[in-house]
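**Student:** Next one to model:
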Amino acid sequence: MFNKIVLSMAMLRMMSGSLELLAALVMLKLNQVEKALLVNTGLAVVGPLILISTTTIGLVGLADKLSFQKMLWIAVGVACIFVGILKK
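**Tutor:** A predicted model of the protein is given here:
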């Protein structure tokens, strides 16, 4: 039997991957650069949400095993990822 936390994280990633594949098929069907760009922009919103969700679920699963200092370092690392993604 799978750990509930790991199963939740994996299911979110499978859902995200399926959405990516579906978006690629939609782009091919639309066959227009402008519309494909709109679909791609929608995916740009989903990616970070999945990252935040899976990271949060993982951290909740580890909360009883990690010290406050380690949790803080993880939070700083995630914040750095988002600063790097969102800064132009």
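
**Student:** I'd like to know how far Lys70 sits from Leu59.
**Tutor:** Distance of Lys70 to Leu59, computed by Cβ to Cβ, to the nearest Å: 10 Å. C-beta: built from backbone N, CA, C; applies to glycine.

**Student:** more crowded one of these two?
**Tutor:** Applying other Cβ atoms under 10 Å to Lys70 and Leu59 shows that Leu59 carries more neighbours, namely 15 against 11.

**Student:** now the strands: where do they sit in this protein?
**Tutor:** Remark: no strands are assigned in the chain by DSSP state E.

**Student:** buried residues in the helix or strand bottoming out on mean pLDDT in it?
**Tutor:** Least confident element among the helices and strands of the chain, by mean pLDDT, DSSP states H and E: helix 68-86 (a mean of 84). Residues of helix 68-86 include none that count as buried (16 or more other Cβ atoms under 10 Å).

**Student:** Touching that helix from outside, list them.
**Tutor:** For helix 68-86, contacts defined as Cβ atoms under 8 Å, 6 or more residues apart in numbering pick out 48, 51-52, 55, 59, 63, 66.

**Student:** Output the residues you listed in CSV; the columns should cover distance to Arg13.
**Tutor:** As requested, the contacts of helix 68-86 are arranged in CSV below (distance: Cβ to Cβ, whole Å):
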residue, distance to Arg13
Pro48, 14
Leu51, 10
Ile52, 13
Thr55, 12
Leu59, 16
Ala63, 21
Leu66, 22
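
**Student:** now the angle from the top helix by length along the chain to helix 68-86?
**Tutor:** Longest helix in the chain by number of residues (criterion: DSSP state H): helix 33-62. Computed with axes from the mean of the first three to the mean of the last three Cα atoms, to 10 degrees, the direction of helix 33-62 lies at 180 degrees from that of helix 68-86.
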